[in-house]
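Student: pasted the sequence and its predicted model underneath.
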Amino acid sequence: VSGGLSVAQLIAGVEAGDRSVLARAITLVESNRPEHAARAQEVLTALLPRTGSAVRVGVSGPPGVGKSTLLEALGLRLTAAGHKVAVLAIDPSSTVSGGSILGDKTRMEHLSAHASAYVRPSPSGGALGGVHRKTRESLLLCEAAGYDVVLVETVGVGQSEVAVADLVDTFLVLLLPGSGDELQGIKKGILEVADVVAVTKADGEHLTLARQAVQQFSAALRLLRHAPDGWVVPVLPCSAVSGDGVGAVWEAVVAHRAHTLQSGSLASRRAEQRRRWLWAVIDEELGRRFRASPEVAAQVAEVEAAVVAGALPVMAGAARLLG
Ligand SMILES: Nc1nc2c(ncn2[C@@H]2O[C@H](COP(=O)(O)OP(=O)(O)OP(=O)(O)O)[C@@H](O)[C@H]2O)c(=O)[nH]1
Ligand SMILES: [Mg+2]
């Protein structure tokens, strides 16, 4: 999986900013094979001192809202301004839909080809926890490779966007113009974790609708959100096609980061993220070990069948297996 590279070669290659070695290191980290886990941890541990300095931004929104198009436009601006930009595109629905991930890659073709950019489509790996943990580790590898802006794209279809908000410093939520009062079936949860909101496709015939949506979303957010640390979530129109507002969206991200850096909430947010990550990894590993244990395996079929048939109470079945 790491193309025959040793741990030392992976570390040196990532440190040197070699994109192909970075890709192999991420593949190693994403692997679920137990024999890869130890090497992945060695690589991550060695690189940890080089992580932490990037601007970490999550970008989420309903399917087709324009995430990839905006990220490409934004990425090209940032690389032109001298930044090194990594994009991690996760699609939690890819296991179901058969993967719109390759589509994302093609849609970001200009950015993908840029020498200062790295675009990585990531399979979800099924469980949400899996996405979360592997994406976080991939993000750290990108930082160690010298990327000073890391953008994480995810479709806002469920709880996944809340997990992504937990990976980043600033969470940018994209919404479509029109039908503002319905909030487009977006769960309130996504707006509760938004740091910046942008209404996309504010161009041509959508322009008036987009302006109205900005007003409606601003009003909805004022009701929904109190600003405990003094940050008022901005709602901005933008068009990745015309370029209008793209710069302002990035300025809002930078302003949010400056605000949290100054108030100290950036440091506490990252500390809290690491604490939750620690427990997520422990919970996941405990579950894995439990299921892999021979004593559990010997009894699980019988207990499960009895519980399913209603012959054994759930609590009693769980207690027997846990015992
Ligand atoms: N008019 C207009 N169309 C846009 C804009 N941005 C994206 N689109 C179009 O909207 C469609 C979806 O854009 P994507 O960037 O692929 O959207 P996405 O949110 O990444 O989609 P998924 O990853 O599939 O959820 C494409 O046909 C784009 O050309 C914009 O600023 N203006
Ligand atoms: Mg996309």
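Tutor: On my side now, so go ahead. Numbering: from 1, shown residues only. Ligands and ions are numbered 1, 2, ... in the order given.

Student: ligand 1 contacts on the stretch 151-300 of the chain?
Tutor: Contact residues (CB under 6 Å from any ligand atom) of the stretch 151-300 of the chain with ligand 1: V155, T200, K201, D203, S239, A240, V241. All C-beta spots, glycine's among them, are computed from the backbone N, C-alpha and C.

Student: any chance of JSON lines for those residues, columns pLDDT and secondary structure?
Tutor: Below are these laid out as JSON lines (pLDDT from 0 to 100; DSSP: H, G, I helix; E, B strand; the rest coil):
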{"residue": "V155", "pLDDT": "77", "secondary structure": "strand"}
{"residue": "T200", "pLDDT": "94", "secondary structure": "coil"}
{"residue": "K201", "pLDDT": "94", "secondary structure": "coil"}
{"residue": "D203", "pLDDT": "94", "secondary structure": "coil"}
{"residue": "S239", "pLDDT": "96", "secondary structure": "coil"}
{"residue": "A240", "pLDDT": "95", "secondary structure": "coil"}
{"residue": "V241", "pLDDT": "93", "secondary structure": "coil"}
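
Student: from those, pick the one nearest ligand 2.
Tutor: V155 (7.1 Å; CB to the ion).

Student: widest-spaced pair of the residues of the stretch 151-300 of the chain next to ligand 1?
Tutor: V155 and D203 (22.2 Å; CB to CB).

Student: neighbours of the residue of the chain found nearest ligand 2, just the number please.
Tutor: Residue nearest to ligand 2 within the chain: S68 (3.4 Å; CB to the ion). S68 has 23 neighbours, counted by other CB atoms under 10 Å.

Student: can you tell me the element it falls in?
Tutor: Assigned by DSSP states H and E, S68 belongs to helix 67-80.

Student: returning to that earlier point: in this model E109 seems to touch the residue of the chain closest to ligand 2, though I could be wrong.
Tutor: No. Using CB atoms under 8 Å, S68 makes no contact with E109, being 10.3 Å away.

Student: for the stretch 101-250 of the chain, which spans come out with low pLDDT?
Tutor: For the stretch 101-250 of the chain, applying pLDDT under 70 flags the ranges 101-107, 123-132, 156-161, 179-188.

Student: list the contacts of the most centrally placed residue in the chain.
Tutor: Residue closest to the average C-alpha location in the chain (CA atoms, centre = their mean): V164, at 3.7 Å. Counting by CB atoms under 8 Å, 6 or more residues apart in numbering, V164 touches G58, S60, I90, H132, T135, V152, T154, F171.

Student: export the residues you listed to TSV and append columns for neighbour count, secondary structure and distance to E285.
Tutor: Formatted as TSV, the contacts of V164 follow (neighbours: other CB atoms under 10 Å; DSSP: H, G, I helix; E, B strand; the rest coil; distance: CB to CB, whole Å):
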residue	neighbour count	secondary structure	distance to E285
G58	27	strand	25
S60	27	strand	27
I90	28	strand	21
H132	23	helix	14
T135	26	helix	17
V152	28	strand	24
T154	27	strand	24
F171	26	strand	27
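
Student: return the member of the residues you listed nearest to A298.
Tutor: The closest of the contacts of V164, once distances to A298 are taken by CB to CB, is H132, at 31.9 Å.

Student: out of the residues of the stretch 151-300 of the chain next to ligand 1, who's nearest L140?
Tutor: Among these, and counting by CB to CB, the member closest to L140 is V155, at 22.9 Å.

Student: tell me what that closest one is bridged to.
Tutor: For V155, the beta-bridge partners are G61 (DSSP bridges).

Student: do I have it right that it meets S60?
Tutor: Yes. At 7.2 Å, V155 counts as touching S60 under the criterion of CB under 8 Å.

Student: list residues touching both of these two?
Tutor: With CB under 8 Å, 6+ apart, V155 and S60 have common neighbours K67.

Student: mind telling me what element A271 is part of?
Tutor: With DSSP H and E as criterion, A271 is part of helix 265-292.

Student: next: L44.
Tutor: Assigned by DSSP H and E, L44 belongs to helix 34-47.

Student: can you say which helix or strand has L88 in it?
Tutor: strand 85-91.

Student: and that strand, which strands flank it?
Tutor: Going by DSSP bridges, the partners of strand 85-91 are strand 117-123 (parallel), strand 149-155 (parallel).

Student: return the most buried member of those strands.
Tutor: strand 149-155 (a mean of 26; mean count of other CB atoms under 10 Å).

Student: re earlier: ok, residues contacting the helix holding L44?
Tutor: 1-2, 7, 10-11, 14-15, 25, 28-29, 31, 137, 140-141, 144.

Student: one step back: the helix holding A271 vs helix 34-47, what angle?
Tutor: Between helix 265-292 and helix 34-47, the angle comes out at 160 degrees (axes from the mean of the first three to the mean of the last three CA atoms, to 10 degrees).
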